[in-house]
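Asks: this one's structure only:
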Ligand SMILES: [Mn+2]
């Protein structure tokens with residue numbers, strides 16, 4: 001379903017006076033601090049985050065999954081949902097497909113549908129963490145790292161198939177996340193597992209089109225609980241370097257042990273020109289996949305501060321591919337995604353407010369107190385009117401969640417798709 005432009009206009013009209021008042025107040029305060037408000041609003045409008053095709057249905061855990069009514073039951077409906085999300089937020093201008101959960105049946109039709117919603121195809125994701133129905137060989141004991149060559153070859157061939165599918169849609173990157181590892185000490189030889197993984201990744205790399213990138217994601221544990229083959233950024237970075245210039249590390253916020261300094265990892269990777277992709281979520285304990293910014297918004301701001309610094313100072317690093325990689329379990333998936341997009345934009349806006357020149361000066365003078373003041377002054381600014389302005393300028397909603405509720409979109413989706421529709425995915 002598409003939202004009528006007039007409907008959105010009416011909803012915005014009711015909120016416009018309040019928005020203008022808040023925006024003008026903030027704009028005046030920021031201008032007095034020599035901030036270029038128009039430039040910040042434009043940067044926010046340009047910042048687009050890919051929505052993964054598995055995020056539109058109800059999430060779940062290994063203990064169970066509680067369905068959400070009106071879920072999209074095919075790829076077309078998923079793209080429709082992202083289109084609607086993009087219409088309201090103007091921040092979700094891309095989809096990241098998961099293969100084999102979302103293989104298009106009719107490529108032309110899917111491309112046309114996406115382009116009618118102004119949705120691009122971002123990185124494609126392979127899946128060697130599950131055995132597929134028709135698979136000859138199992139990934140129970142690993143995929144790219146498996147001691148068995150036939151399993152490795154099958155996993156390599158799958159990744160190359162994913163590249164072919166992505167290529168037909170206009171994607172330019174492949175994300176590889178491996179569940180490979182071991183559950184018990186002694187189960188696997190660490191050196192063999194790593195060597196097989198490197199060799200397999202090099203095979204996939206060889207099959208990449210010239211203008212493609214390979215993103216190597218890391219994770220310290222889970223689903224394997226004793227060891228993971230690509231457990232940290234250092235291992236990913238080493239493998240990316242072994243593959244070549246088109247291979248990069250991908251940082252997923254939830255894929256770190258508690259209290260890891262992720263902003264430092266981001267800085268190191270960008271200095272070395274190897275931060276390729278970024279997955280947003282939040283967590284309290286492990287890879288919880290919670291709504292972005294729901295638990296540690298200050299950490300997210302510090303990470304964005306490192307990202308903004310890198311984007312401004314590291315031409316050796318390509319512009320990263322952004323994606324939300326969160327689950328929502330008990331929320332309406334679309335409302336959850338809107339909250340995540342808002343949190344991302346908020347952290348980005350606050351990072352754009354950091355006076356990098358003053359921070360450099362304070363660092364040079366070893367004025368630690370001023371360093372903290374600069375960061376926290378930016379963080380404490382309520383930037384939401386800037387986000388509203390960016391959305392309003394681009395034809396989106398001043399308040400996306402409120403608009404979604406006022407337009408009763410979920411009710412309409414249930415009427416259209418039924419109460420029992422189930423999205424493909426875990
Ligand atoms: Mn991820």
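Replies: Thanks, I have it. Since the structure is predicted, the reported quantities are computational estimates derived from the model, not experimental observations.
Asks: low-confidence regions, the stretch 151-300 of the chain specifically.
Replies: Applying pLDDT under 70 to the stretch 151-300 of the chain flags no residue at all.
Asks: up against the ion, what does it have?
Replies: 252, 279 (C-beta under 5 Å from the ion). (Each C-beta comes from the backbone N, C-alpha and C, glycine too.)
Asks: quick one, helices of the stretch 151-300 of the chain?
Replies: Taking DSSP state H, counting those that start in this stretch as the test, the helices found in the stretch 151-300 of the chain are 190-206, 233-243, 262-271, 297-313.
Asks: how about these in TSV, adding mean neighbour count?
Replies: TSV is the format used below for the helices of the stretch 151-300 of the chain (neighbours: other C-beta atoms under 10 Å):
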stretch	mean neighbour count
helix 190-206	18
helix 233-243	20
helix 262-271	20
helix 297-313	19
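Asks: just put the ones you listed in TSV and tack on distance to residue 94.
Replies: Putting the helices of the stretch 151-300 of the chain into TSV (distance: least, C-beta to C-beta, whole Å) gives the following:
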stretch	distance to residue 94
helix 190-206	22
helix 233-243	22
helix 262-271	21
helix 297-313	17
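Asks: quick one: the strands in this structure, in order.
Replies: 50-52, 94-96, 120-121, 124-125, 173-177, 181-182, 213-217, 227-228, 247-252, 275-280, 321-324 (DSSP state E).
Asks: list the contacts of the second one.
Replies: Contacts to strand 94-96, defined as C-beta atoms under 8 Å, 6 or more residues apart in numbering, come from residues 48-53, 78-79, 82, 114, 119-125, 175, 323.
Asks: again, only this time at 10 Å
Replies: Contacts of strand 94-96 with the rest of the structure, by C-beta atoms under 10 Å, 6 or more residues apart in numbering, involve 48-56, 75, 78-79, 81-83, 86, 102, 110, 114, 117-125, 166, 169, 171, 173, 175, 277, 279, 321-325.
Asks: what values do phi and psi take at residue 55?
Replies: The phi/psi pair for residue 55 (degrees, to the nearest 10) reads phi -90, psi 0.
Asks: surely it and residue 324 touch.
Replies: Yes. Between residue 55 and residue 324 there is a contact under C-beta atoms under 10 Å: 6.5 Å.
Asks: what is in contact with these two at once?
Replies: Any residue near both residue 55 and residue 324 by C-beta under 10 Å, 6+ apart counts here, and that gives 96, 289, 336-337, 340.
Asks: between those residues, which sits nearest the ion?
Replies: Nearest to the ion among the shared contacts of residue 55 and residue 324 is residue 289, at 8.8 Å by C-beta to the ion.
Asks: spatially nearest residue to the closest one (excluding sequence neighbours)?
Replies: Distances taken as C-beta to C-beta, 6 or more residues apart in numbering place residue 327 nearest to residue 289, at 3.9 Å, with adjacent residues excluded.
Asks: got a list of what the most far-flung residue of the chain relative to its centre touches?
Replies: Centroid-distance maximum for the chain: residue 365 at 37.0 Å, with C-alpha atoms, centre = their mean. When contacts are counted by C-beta under 10 Å, 6+ apart, residue 365 touches residue 371.
Asks: same check, this time on the one 10 residues further on
Replies: Shown in contact with residue 375 (C-beta under 10 Å, 6+ apart): 298, 301-302, 305, 350-351, 353-355, 359.
Asks: before we move on, what about residue 8?
Replies: 87-88, 395-398, 403, 407.
Asks: helices - which of these land there?
Replies: If you go by DSSP state H, those have 87-88, 403 in helices.
Asks: just give me the closest of the residues you listed to residue 206.
Replies: Of all the ones in helices among the contacts of residue 8, residue 206 sits closest to residue 87, with 40.3 Å by C-beta to C-beta.
Asks: ok, back up a step: who wins on neighbours among the ones in helices among the contacts of residue 8?
Replies: For the ones in helices among the contacts of residue 8, the largest neighbour count, defined by other C-beta atoms under 10 Å, is 28 neighbours, found at residue 88.
Asks: you'd agree it is up against residue 117?
Replies: No. Contact criterion C-beta under 10 Å: residue 88 and residue 117 do not qualify, at 11.9 Å.
Asks: so how far is residue 208 from the closest residue to the ion within the stretch 51-200 of the chain?
Replies: Going by C-beta to the ion, the ion is nearest to residue 177 of the stretch 51-200 of the chain, at 5.8 Å. To residue 208, residue 177 is 17 Å away according to C-beta to C-beta, to the nearest Å.
Asks: what sits against the residue nearest to residue 224 when sequence neighbours are not counted?
Replies: Using C-beta to C-beta, 6+ apart and skipping the chain neighbours, the partner closest in space to residue 224 is residue 181 (3.2 Å). Residues in contact with residue 181 (C-beta under 10 Å, 6+ apart) are 141-142, 145, 187-188, 190, 193, 219-231.
Asks: can you check residue 353 too?
Replies: By C-beta under 10 Å, 6+ apart, residue 353 lies in contact with 30, 33, 35, 40, 301, 305, 308, 374-375, 377-381, 383, 386.
Asks: closest to residue 24 out of the ones in helices among the contacts of residue 8?
Replies: residue 403 (22.2 Å).
Asks: look up the pLDDT of residue 57 for me, please.
Replies: At residue 57, the model reports a pLDDT of 86.
Asks: okay, now the residue nearest to it when sequence neighbours are not counted: neighbour count?
Replies: With sequence-adjacent residues excluded and distances taken as C-beta to C-beta, 6+ apart, residue 57 is closest to residue 423, at 2.5 Å. Neighbourhood size, residue 423 [other C-beta under 10 Å]: 25.
Asks: can you give me the mean pLDDT across the helix ranked longest in the chain?
Replies: Longest helix in the chain, counting residues (DSSP H): helix 5-32. Average pLDDT, helix 5-32: 97.
Asks: go on, stretch 127-138?
Replies: For stretch 127-138, the per-residue pLDDT averages 94.
Asks: mind checking the end-to-end distance for it?
Replies: Terminal residues of stretch 127-138 are spaced 13 Å apart (C-alpha to C-alpha, to the nearest Å).
Asks: distance of residue 40 from residue 315?
Replies: 21 Å.
Asks: so between the two, which is more surrounded?
Replies: Taking neighbours as other C-beta under 10 Å, residue 40 and residue 315 compare with residue 40 leading, 20 against 8.
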